[in-house]
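1. Next one to model:
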Amino acid sequence: WFCHNNTAEPKQKLPALLTARVPGYAWDQPWAGRVGVTGLECVAAALAAVVAHDSLTAILSCCVRFGGDVDTVAAIAMAAASGSREVEQNLPGHLVEGLENGEFGRDYLVKLDQRLHEVVTSP
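-> Below you'll find the model as predicted:
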């Protein structure tokens, strides 16, 4: 994924990357308003949050302020930004520690993040 691959490309180029790979949608337009439940809407809103903000807390706050399907938008945006060198990794510990820890909870997400990091950093 673009934000995780140690590229020198800035996150502002994400809309152009998506336009090249998923044509027919205005990826370069900032998101405004409530987010519906379609995948395109959720990805477009998440993309807007990542491009516009430089810290995980600001990205998360932006996603929540959109309204609508904010849990999906935040999940996409936080996953995309969590490995970026351009984004300050400043989530308060209590947000991570307070995650539910069922079968697909906090421990599962930590392991998934570690696996993703291994994949994108391997030669």
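
2. which residues of this structure score low on pLDDT?
-> Low-confidence segments of the chain (pLDDT under 70): 1-9.

3. try 50
-> For the chain, residues meeting the criterion pLDDT under 50 lie at 1.

4. In it, what residue spans correspond to helices?
-> Using DSSP state H, the helices of the chain run over 14-21, 39-52, 56-66, 70-81, 93-97, 106-121.

5. could I get these as CSV with mean neighbour count and distance to residue 30?
-> Where you see a C-beta, it was placed from the backbone N, CA and C, and this is true even at glycine. Shown next, in CSV, are those (neighbours: other C-beta atoms under 10 Å; distance: least, C-beta to C-beta, whole Å):
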stretch, mean neighbour count, distance to residue 30
helix 14-21, 14, 10
helix 39-52, 22, 5
helix 56-66, 19, 11
helix 70-81, 20, 14
helix 93-97, 9, 26
helix 106-121, 12, 27
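
6. just so I know, which of these lies nearest residue 33?
-> Residue 33 lies closest, by C-beta to C-beta, to one member of these: helix 56-66, at 7.3 Å.

7. ok, residues contacting the closest one?
-> 31, 33-35, 45-46, 48-50, 52-53, 70, 73-74, 77-78, 81-82, 87-92 (C-beta atoms under 8 Å, 6 or more residues apart in numbering).

8. center of this protein, which residue is that?
-> residue 77 (1.8 Å; C-alpha atoms, centre = their mean).

9. what's the closest of the helices of the chain to residue 27?
-> Among the helices of the chain, helix 14-21 comes nearest to residue 27, with 4.2 Å by C-beta to C-beta.

10. For residue 28, give me the backbone phi and psi.
-> Backbone torsions of residue 28, given as degrees, to the nearest 10, read phi -90, psi 0.

11. returning to what we had before: which residues are in contact with the residue nearest to the centre of the chain?
-> Counting by C-beta under 8 Å, 6+ apart, residue 77 touches 45, 46, 47, 49, 50, 59, 60, 62, 63.

12. my read: the third one touches residue 27, true?
-> Yes. Using C-beta atoms under 8 Å as the test, residue 47 is close enough to residue 27 to be in contact (6.4 Å).
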